[in-house]
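Undergrad: Show me the folded form of this:
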Amino acid sequence: MIETDHQTQVFLDVKPKLMGLSYRMLGSHVDAEDAVQDTYVKWLANREVIENVGGWLMTVCSRVCLDRLKVAKRERERYVGPWLPEPMGEGGVIGFGDSLEYDETLSTAFMLMMDKLPPRERLVFILRHIFDYHYTDISRILDVSEAGSRKLFSRAKKRLGRDDVGQLYDVEDAKVMLVRFIEAIKTGEMKPLEKMLVRDVELVADHGGKAAAVDRLLFGQNEVIDFVKDVLHPNWHDGGELKMLVNGELALVYRHEGKVASLMRFEFDKEKQVKGMYVTRNPDKLMRVG
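TA: Residues are numbered from 1 along each chain as shown. Just a heads-up that it's a prediction; the model follows:
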């Protein structure tokens, strides 16, 4: 067995934190791995002269993610259909934070909210809110004044439209929703499902041009119910009841010929009703699920 040298072990100890930062910045596990690999290569070239390894790695990784996010946003303009963050199957987010409990900042809904932020605001928000970085450290990473980093964080919170991001995710509510959703798909009876949807519920399907799916956002109870009744009921009734954790949330997984073909997650409001439904159909994004 080959022993890991001390310096390499230091990197491995920090790597989960780097992945947590990169995934939240880029919304893709593949891109996050590439960003961490870029950071690793830079570290190899400089590790003999680095004193604060953890701080150096987070600084470099932050800057790598900023550059990659700018490129990704340009590339996303050519993405076919709606875009959703790449889902991570059960266990895939272990090490992305200090707790294995549900983390809203890894949820689909919150990742989509962060995607509306400019890259620098997104980075500051992640470093400050999630990793509890001091403004002094953030200012060094971004090469701005401390006041500037505070202003970026304030702008990010204002754009997100909320001062707190610690809303709890109720697994029991999600279980009830999944049961009713599965019943609606199997039986075609929509009344129990309809009672759980807010009037302005939205359904977003990510296919990337590589799978059949609705090409636009569905808005309102009528559109969503019609979609479940006319599309999902005829096509999903034979195998869509596998429930699993995805990004810490319960999700419905539909398999076709043994492979994961679709994945659906739900966003709830304070009244425990469903306000968002997110369907991932792009096979490239389903490789790590199941």
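Undergrad: Summarise which helices and strands the biggest helix by length in the chain is packed against.
TA: In the chain, taking DSSP state H as the definition, the longest helix is helix 53-76. For helix 53-76, the elements it packs on are helix 6-26, helix 29-46, helix 119-125, helix 135-142, judged by 3 or more Cβ pairs under 8 Å, 6 or more residues apart in numbering; DSSP states H and E. For the C-beta atoms, the positions are set from N, CA and C on the backbone; glycine is no exception.
Undergrad: Kindly state the pLDDT recorded for residue 199?
TA: pLDDT for residue 199: 93.
Undergrad: if I look at it, how far off is residue 116?
TA: 23 Å (Cβ to Cβ, to the nearest Å).
Undergrad: more crowded one of the two?
TA: Ranked by neighbour count (other Cβ atoms under 10 Å), residue 199 and residue 116 place residue 116 first, with 12 against 9.
Undergrad: which residues touch that one?
TA: 159-160 (Cβ atoms under 8 Å, 6 or more residues apart in numbering).
Undergrad: Provide the secondary structure category for it.
TA: coil (DSSP: H, G, I helix; E, B strand; the rest coil).
Undergrad: What are the phi and psi values at it?
TA: phi -80, psi -10 (degrees, to the nearest 10).
Undergrad: any idea how far it is from residue 254?
TA: Taking Cβ to Cβ, one finds residue 116 at 29 Å from residue 254.
Undergrad: What ranges does the stretch 151-290 of the chain have for its helices?
TA: 171-187, 191-194, 221-227, 233-236 (DSSP state H, counting those that start in this stretch).
Undergrad: Would you mind giving these as TSV with distance to residue 108 added?
TA: Shown next, in TSV, are the helices of the stretch 151-290 of the chain (distance: least, Cβ to Cβ, whole Å):
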stretch	distance to residue 108
helix 171-187	12
helix 191-194	19
helix 221-227	16
helix 233-236	19
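Undergrad: For those helices, give me a markdown table that also has distance to residue 286, mean neighbour count and mean pLDDT.
TA: Putting the helices of the stretch 151-290 of the chain into a markdown table (distance: least, Cβ to Cβ, whole Å; neighbours: other Cβ atoms under 10 Å; pLDDT from 0 to 100) gives the following:
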| stretch | distance to residue 286 | mean neighbour count | mean pLDDT |
| --- | --- | --- | --- |
| helix 171-187 | 18 | 17 | 81 |
| helix 191-194 | 24 | 15 | 87 |
| helix 221-227 | 20 | 16 | 92 |
| helix 233-236 | 15 | 16 | 80 |
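Undergrad: And those helices: which comes nearest residue 63?
TA: Among the helices of the stretch 151-290 of the chain, the nearest to residue 63 by Cβ to Cβ is helix 171-187 (36.9 Å).
Undergrad: related to what we said a few turns ago, who wins for proximity to residue 74 among the helices of the stretch 151-290 of the chain?
TA: Across those, closest to residue 74 is helix 221-227 (Cβ to Cβ), at 31.0 Å.
Undergrad: Which strands and helices lie in contact with the closest one?
TA: So helix 221-227, by 3+ Cβ pairs under 8 Å, 6+ apart, packs with helix 191-194, strand 197-206.
Undergrad: Throw these into a markdown table and include distance to residue 67, thanks.
TA: As requested, those are exported to a markdown table (distance: least, Cβ to Cβ, whole Å):
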| stretch | distance to residue 67 |
| --- | --- |
| helix 191-194 | 44 |
| strand 197-206 | 24 |
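Undergrad: nearest to residue 157, of the ones you listed?
TA: Closest among the helices and strands packed on helix 221-227, using Cβ to Cβ: strand 197-206, at 23.1 Å.
Undergrad: what's in contact with the closest one?
TA: Residues contacting strand 197-206 (Cβ under 8 Å, 6+ apart): 81-84, 213-214, 217-221, 223-225, 227, 269, 271, 273-282, 285.
Undergrad: Likewise for stretch 279-290?
TA: 29, 84, 86-89, 92, 203-208, 210-213, 242, 244, 246, 253, 255, 260-264.
Undergrad: give me the number of residues near residue 74?
TA: There are 9 residues near residue 74, going by other Cβ under 10 Å.
Undergrad: mind checking pLDDT for it?
TA: 86.
Undergrad: repeat for residue 253
TA: Value listed for residue 253 in the pLDDT field: 84.
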